[in-house]
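Asker: any chance you could fold what I've pasted below:
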Amino acid sequence: MIPVRYSKAEVEEFTAKGYWTNEVFSDFWDRNAKEFPNKEALVDSKGTRLTWLQAKKQSDRLALAFIELGIPQDARVVVHLPNCVEGFIARVACEKAGIVSMTLMHTLRHKECQEIISLIEATTVIISRSYRNFDYYEMYQELKEQLPLLKNIIVIGEDVPKGVISFEDIVNDPLEEKYPVDYLTKRRFDPTHVGFLSTTTGTTGVPKVVEYSIAARLWSSKTHVRNWKLSPKDVLCAVAPAAGAAGGTPTYFCAPQAAAKIVLLYDYSAQNALEFFEKEKVTIPCVVPAQLAMIMQESLEKYDLSSIRAIRSAGGYLSPTLAEEVEQRFNGPIISTYGSQDTGSVTGININDSAEKRRTTVGKPLPGNQIRIVDDDGNVLPQGEVGQLYFRGAQNSGGYYRDPVKTFAEAYDSEGWASPGDLAKIDDDGFIMIVGRKKDIIIRGGQNIYPGEIENILMAHSKVSNVAIVAMPDKIMGEKACAFVIPNNKEGVLTFEEMVNFLNEKKLAKYKLPEHLEIVDTFPLASDSKVNKSRLREIITAKMEEEKIS
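Answerer: I've put the predicted structure just below:
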């Protein structure tokens, strides 16, 4: 399947420059099985442990089973699992069988699953019988009535209903004895073709499906391996869902290249995470900022965390204040990356970058990427000025699934430039500073207010656990800023006067001051990690209407 986004000329360019190669991800799994056969490769917190050689055997057997089930090359298989060993084996097996894998977040339900699986015409899904008190098998049995192409349901674990396929039975069956050693090479992917599908984390409607070529993903992850200085001594832990970039990029895509051990937290809580870090001697936890904020509320001194050498954060805005606290308490640097599911990886922090750069920027452009900052008229802005960030290059996504019209209308322009939708500026050292989402700008009487700037300052207040700044309507000014705050209950509840006084002390311009404060227990989320600011705007708008009517 040829990606929508790339032209033949670009493929030739990226290959000639050495960004794209003939390698595929399963090559590293097979290499590690030869070089480190007895070294642990995959561990999850529900108790499954595999060496590199065991992982190879299981992925080979599952790949052969896919072929025996009659699943053709370039067909789509959905992996709808939480963080577990079986999810990784399934993805490697898909690649070995020349099948396009698609991971779904465990939070997706009937409506999203039906529309996504119908769109990509998947014939096979791999699921848990249940997870967190939700019955996935029952859901897919119901969905089969609306999905006539869905033929195979593969269930992991021991609780396998009649009439479906047991994952355990497949990986324990020595199918490889029936085939020549090189049999799977017949199904080897062209690395420039689509090897993976992912979903966006949109705030409205069903997530979009995005194509990724193996070559683009591999080049992206190679740059991370270098930036983070990964080695076989490392133990990377997916705390965030491995189905998404925050948990999956460092563990599934990066770790095998360095023969680093992959450990997967099956059921998240801050306490579970810390206990798992200690037990598995994790060197790099892979988290989203919301998880870090929760972990920081725990007594870290109760755990032996001396193995941790860095913390990888992605999937949302990490305030410099929280980053500083994390680095001090874990005694290791924050390493972050920046990009979007729709458009690809853009920038990254090197583990040796200064504390200031780690905490206030998203790093430098990754090799092979071109960056430009433009104003509302499309003019390229000089260094230091704020505008919308655009990029293009060897780390772009492949576009929206089989939809060139949507790809070049909503994600890319005709020249291949894409924007994740953020406002940014380039500092004097070439690092990218994200100011906020373009769609989140608050325009108060013609003056622009960037929510991220205010959020960053307020996160330093002792009574604030988390904050989101959104626009609220105003008859005279058009919009004003409203602050939604989750309080730090240990310190008490923030008052409006305290908020304003604190921001005044920080010399914030008067027009940027939030003019309303809402104290809440939680934020609505657009995914497992991203605050749904559209919903917050709806909430404050509705509240203002009610108060006006009453």
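Asker: who does the helix or strand bottoming out on mean pLDDT in the chain pair up with?
Answerer: Taking mean pLDDT, DSSP states H and E as the measure, the chain has strand 447-449 as its least confident helix or strand, at a mean of 83. Sheet pairing for strand 447-449, assigned by DSSP bridges, gives strand 442-444 (antiparallel).
Asker: what comes into contact with the partner strand?
Answerer: With contact meaning C-beta atoms under 8 Å, 6 or more residues apart in numbering, strand 442-444 is reached by 448-449, 451, 469-471, 474, 477-481, 511. In short, each C-beta sits where N, CA and C put it, glycine included.
Asker: give me the buried subset of those residues.
Answerer: 449, 451, 469-471, 479-481, 511 (16 or more other C-beta atoms under 10 Å).
Asker: which element follows the least confident helix or strand of the chain toward the C-terminus?
Answerer: helix 451-458 (DSSP states H and E).
Asker: whatever helix or strand comes next after that next one - contacts with which helices or strands?
Answerer: Going down the chain from helix 451-458, the next helix or strand is strand 464-474, by DSSP H and E. Here strand 464-474 touches helix 289-295, strand 442-444, helix 451-458, strand 478-487, helix 533-549, going by 3 or more C-beta pairs under 8 Å, 6 or more residues apart in numbering; DSSP states H and E.
Asker: could you dump the ones you listed to TSV with mean pLDDT and distance to Pro3?
Answerer: As requested, those are exported to TSV (pLDDT from 0 to 100; distance: least, C-beta to C-beta, whole Å):
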stretch	mean pLDDT	distance to Pro3
helix 289-295	85	31
strand 442-444	88	37
helix 451-458	86	32
strand 478-487	94	39
helix 533-549	87	30
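Asker: TSV for the ones you listed, including distance to Lys261?
Answerer: Below are those laid out as TSV (distance: least, C-beta to C-beta, whole Å):
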stretch	distance to Lys261
helix 289-295	20
strand 442-444	45
helix 451-458	35
strand 478-487	35
helix 533-549	37
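Asker: closest to Trp219 out of the ones you listed?
Answerer: helix 289-295 (26.2 Å; C-beta to C-beta).
Asker: not counting the helix or strand following the closest one itself, show me its contacts.
Answerer: Downstream of helix 289-295, the next assigned helix or strand under DSSP H and E is strand 311-313. Contacts with strand 311-313, where a contact means C-beta under 8 Å, 6+ apart, come from 228, 236, 246, 250, 284-289, 292, 323, 326-327, 330, 332-337.
Asker: just to revisit the earlier point, report the distance from the least confident helix or strand of the chain to the chain centre.
Answerer: Centroid separation between strand 447-449 and its chain, computed with C-alpha atoms, centre = their mean, to the nearest Å, is 30 Å.
Asker: what's around Ala258, how many residues?
Answerer: 19 (other C-beta atoms under 10 Å).
Asker: next, the contact list for it, please.
Answerer: Ala258 neighbours (C-beta under 8 Å, 6+ apart): 225, 230-232, 234.
Asker: format these as TSV; extra columns: pLDDT.
Answerer: What follows is the contacts of Ala258, written out as TSV (pLDDT from 0 to 100):
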residue	pLDDT
Val225	98
Leu230	98
Ser231	98
Pro232	98
Asp234	98
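Asker: can I get the residues you listed in JSON lines with secondary structure?
Answerer: Below are the contacts of Ala258 laid out as JSON lines (DSSP: H, G, I helix; E, B strand; the rest coil):
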{"residue": "Val225", "secondary structure": "helix"}
{"residue": "Leu230", "secondary structure": "coil"}
{"residue": "Ser231", "secondary structure": "coil"}
{"residue": "Pro232", "secondary structure": "coil"}
{"residue": "Asp234", "secondary structure": "coil"}
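Asker: pull out the buried members of those residues.
Answerer: The buried subset of these (16+ other C-beta under 10 Å) comprises 225, 230, 234.
Asker: where in this protein is pLDDT low?
Answerer: For the chain, the stretches with pLDDT under 70 are 201-206, 527-529, 548-550.
Asker: not counting residues beside it along the chain, what's closest to the residue nearest to the spatial centre of it?
Answerer: Geometric centre of the chain, nearest residue: Ala245, 2.4 Å, by C-alpha atoms, centre = their mean. Among residues not flanking Ala245 along the chain, Ala314 sits closest, at 6.1 Å (C-beta to C-beta, 6 or more residues apart in numbering).
Asker: what sits against the one you found?
Answerer: With C-beta under 8 Å, 6+ apart, Ala314 has these contacts: 240, 245-246, 249, 286, 288, 336-338.
Asker: now, among these, which is nearest to Asp27?
Answerer: For the contacts of Ala314, the nearest to Asp27 is Thr249 (18.0 Å; C-beta to C-beta).
Asker: is it true that that closest one touches Tyr338?
Answerer: No - Thr249 is not in contact with Tyr338 according to C-beta atoms under 8 Å; the separation is 11.8 Å.
Asker: ok, these two, which is more surrounded?
Answerer: Using other C-beta under 10 Å, the more surrounded residue of Thr249 and Tyr338 is Thr249, with 25 against 22.
Asker: mind listing what that one touches?
Answerer: 220-221, 224, 286, 314, 337.
Asker: try 7 Å this time
Answerer: 221, 224 (C-beta atoms under 7 Å, 6 or more residues apart in numbering).
Asker: helix, strand, or coil at it?
Answerer: With three-state DSSP as the criterion, Thr249 reads helix.
Asker: now do the SS call for Glu278.
Answerer: Per three-state DSSP, Glu278 ends up helix.
Asker: the strands in the stretch 51-200 of the chain, which residues?
Answerer: 76-80, 100-103, 124-128, 130-131, 134-135, 152-156, 165-166, 194-199 (DSSP state E, counting those that start in this stretch).
Asker: just put those strands in CSV and tack on distance to Arg49.
Answerer: Putting the strands of the stretch 51-200 of the chain into CSV (distance: least, C-beta to C-beta, whole Å) gives the following:
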stretch, distance to Arg49
strand 76-80, 20
strand 100-103, 22
strand 124-128, 18
strand 130-131, 20
strand 134-135, 26
strand 152-156, 15
strand 165-166, 20
strand 194-199, 26
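Asker: how many residues are close by Arg444?
Answerer: By other C-beta under 10 Å, neighbour count at Arg444 equals 19.
Asker: same question but for Tyr131, I mixed them up
Answerer: The burial count for Tyr131: 17, using other C-beta under 10 Å.
Asker: please apply the same query to Ser534.
Answerer: 16.
Asker: how about the nearest residue to Lys439, chain neighbours excluded?
Answerer: Gly421 (6.3 Å).
Asker: for Val362, see how far away Gly157 is.
Answerer: In this view, Gly157 and Val362 are 39 Å apart by C-beta to C-beta, to the nearest Å.
Asker: which helices and strands does the helix or strand containing Leu389 pack with?
Answerer: Using DSSP H and E, Leu389 maps to strand 387-393. Applying 3 or more C-beta pairs under 7 Å, 6 or more residues apart in numbering; DSSP states H and E, we find strand 387-393 packed against strand 369-374, strand 422-426.
Asker: so which of those strands is the most packed in?
Answerer: strand 422-426 (a mean of 22; mean count of other C-beta atoms under 10 Å).
Asker: tally of neighbours for Gly18?
Answerer: So Gly18, with other C-beta under 10 Å, has 11 neighbours.
Asker: how near is it to Leu50?
Answerer: 33 Å.
Asker: who are the contact partners of Val77?
Answerer: Here Val77 is in contact with 71, 94, 99, 101, 122, 124, 126 (C-beta under 7 Å, 6+ apart).
Asker: could you double-check that the fifth one sits in contact with Val78?
Answerer: Read it as Ala122. Yes - in this structure, Ala122 is within contact of Val78 by C-beta atoms under 7 Å, at 4.8 Å.
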